[in-house]
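# here you go, sequence then predicted model.
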Amino acid sequence: MRIAILSRNKHLYSTRRLIEAGEARGHEMHVLDPLRCYMNINAKEPEIHVRGKILPEFDAVIPRIGASITFYGTAVLRQFEMMGTYPLNESVAISRSRDKLRSLQLLSRKGIGLPVTGFASKPTDIPDLIDMVGGAPLVIKLLEGTQGIGVVLAETRKAAESVIEAFMGLNAHFMVQEYIKEAGGADLRCFVIGDKVIAAMKRQAKPGEFRSNLHRGGSATLVKLSPAERATAVKAAKTMGLNVAGVDILRSNHGPLVMEVNSSPGLEGIETATEKDVASQIITFIEKTAKQNRTRTKGRG
Ligand SMILES: Nc1ncnc2c1ncn2[C@@H]1O[C@H](COP(=O)(O)OP(=O)(O)OP(=O)(O)O)[C@@H](O)[C@H]1O
Ligand SMILES: [Mg+2]
Ligand SMILES: [Mg+2]
């Protein structure tokens with residue numbers, strides 16, 4: 001097959017591994033920088049151009065779209081979809097997953113366990129907002145944060161009020177969340193492909209820190225998931241409409257709680273922690289599922 005990887009940099013670990021795995025299985029792998037793709041949107045024959053040339057047809061496209069280029073990147077991916085190329089994850093599903101609040105609303109509708117979460121815009125609603133999530137300590141999250149930046153643990157009610165007032169004053173979008181203390185600064189990254197968790201790791205925050213992000217100094221180890229955790233991760237990915245997803249779960253004393261669902265999960269942490277060849281499993285999944293014009297959303301945006 002001829003497979004495109006939408007990625008800003010072919011030297012990134014995940015991109016390199018996908019090229020390697022694809023080539024090892026006899027595919028023609030092309031890395032395309034989404035920002036270098038421009039589009040001819042017309043009724044007869046939609047096209048993508050790169051440096052003055054029209055791109056040839058691809059059988060499948062693997063989106064690796066960073067959070068900072070979601071808007072442009074999903075527009076390029078959508079153009080591939082309009083041309084009938086099979087996307088590993090659809091543009092609509094990626095857009096959905098990039099909005100933390102929208103994601104939690106969709107997951108809640110399916111009865112998936114979530115930390116109790118509140119969202120408000122008026123300072124007069126702050127006291128009730130804090131009560132809703134069970135009072136302090138609580139977690140305040142900027143909706144557009146990544147890698148743990150913009151996630152704050154407010155230990156007291158006073159601290160929570162001050163931070164929430166400050167965020168409201170800056171017109172920042174944020175949500176307030178019940179703090180899952182018993183998770184002990186750890187979370188589970190479940191790597192889902194299709195309807196299976198194919199690898200999982202436990203990320204533990206460094207001492208004195210509650211955020212387990214590897215970018216914040218957390219460390220990752222292999223973990224065995226319970227059947228409930230597996231089922232939750234698979235259901236969360238499915239609810240978001242993602243074929244490939246990194247589902248982050250907190251272990252609470254009332255079962256697994258989904259924190260977020262990532263649509264371009266990195267391969268380095270999970271392959272290192274589990275010693276699994278995740279890249280090859282992604283390629284095999286594409287071999288099994290890729291068909292022309294197989295986007296569920298084709299024509300519907
Ligand atoms: N409600 C919570 N209770 C306990 N710990 C939490 C809670 N929410 C977040 N954390 C911790 O903080 C970390 C960062 O939070 P979260 O994953 O929501 O944001 P982010 O990492 O900035 O987003 P992204 O993963 O997209 O980069 C989590 O990995 C987890 O360890
Ligand atoms: Mg996270
Ligand atoms: Mg995320």
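In hand now; what should we look at? Ligands and ions are numbered 1, 2, ... in the order given.

# CA atoms only for stretch 273-282, dumped as CSV, please.
What follows is stretch 273-282, C-alpha atoms only, in CSV (Å, rounded to 0.1, in the frame of the first residue of the first chain):
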residue,chain,number,x,y,z
ALA,A,273,7.9,0.7,28.9
THR,A,274,6.2,-2.4,27.4
GLU,A,275,8.9,-3.5,24.8
LYS,A,276,6.0,-4.0,22.4
ASP,A,277,6.1,-3.2,18.7
VAL,A,278,3.1,-0.9,18.7
ALA,A,279,4.1,0.6,15.3
SER,A,280,3.8,-2.7,13.5
GLN,A,281,0.4,-3.3,15.2
ILE,A,282,-0.8,0.0,13.8
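
# can you tell me what sits against that stretch?
14, 17-18, 20-21, 24-25, 62, 88, 191, 193, 198-201, 220-222, 244, 267, 270-271 (CB atoms under 8 Å, 6 or more residues apart in numbering). Glycine gets a C-beta too; all of them are placed from N, C-alpha and C.

# now which of those residues would you call buried?
14, 17-18, 21, 62, 88, 191, 193, 198-201, 220, 244, 267, 270-271 (16 or more other CB atoms under 10 Å).

# quick one: which of the residues you listed sit in helices?
Counted as lying in helices by DSSP state H, out of these, are S14, R17, L18, A21, I270, E271.

# now, which of those residues sits nearest A43?
Nearest to A43 among these is L18, at 33.3 Å by CB to CB.

# got a list of what the closest one touches?
Per CB under 8 Å, 6+ apart, neighbours of L18: I5, M29, I62, R64, L267, A279, I282, I283.

# which of those residues fall within strands?
If you go by DSSP state E, the contacts of L18 have I5, M29, I62 in strands.

# for the residue lying farthest from the centre of the chain, give me the pLDDT.
Within the chain, the residue lying farthest from the chain centre (CA atoms, centre = their mean) is K44, at 33.7 Å. pLDDT for K44: 85.

# what residues does the spatially closest residue to T146 that is not a sequence neighbour make contact with?
Closest residue to T146 apart from its sequence neighbours, by CB to CB, 6 or more residues apart in numbering: A67 at 5.0 Å. With contact taken as CB under 8 Å, 6+ apart, A67 is in contact with R98, E144, T146.

# the second one contacts H173, correct?
Yes - if you go by CB atoms under 8 Å, E144 and H173 touch, sitting 7.0 Å apart.

# circling back: show me which of the ones in helices among the buried ones among the contacts of stretch 273-282 neighbour ligand 1.
Among those, no residue lies close to ligand 1 (CB under 6 Å from any ligand atom).
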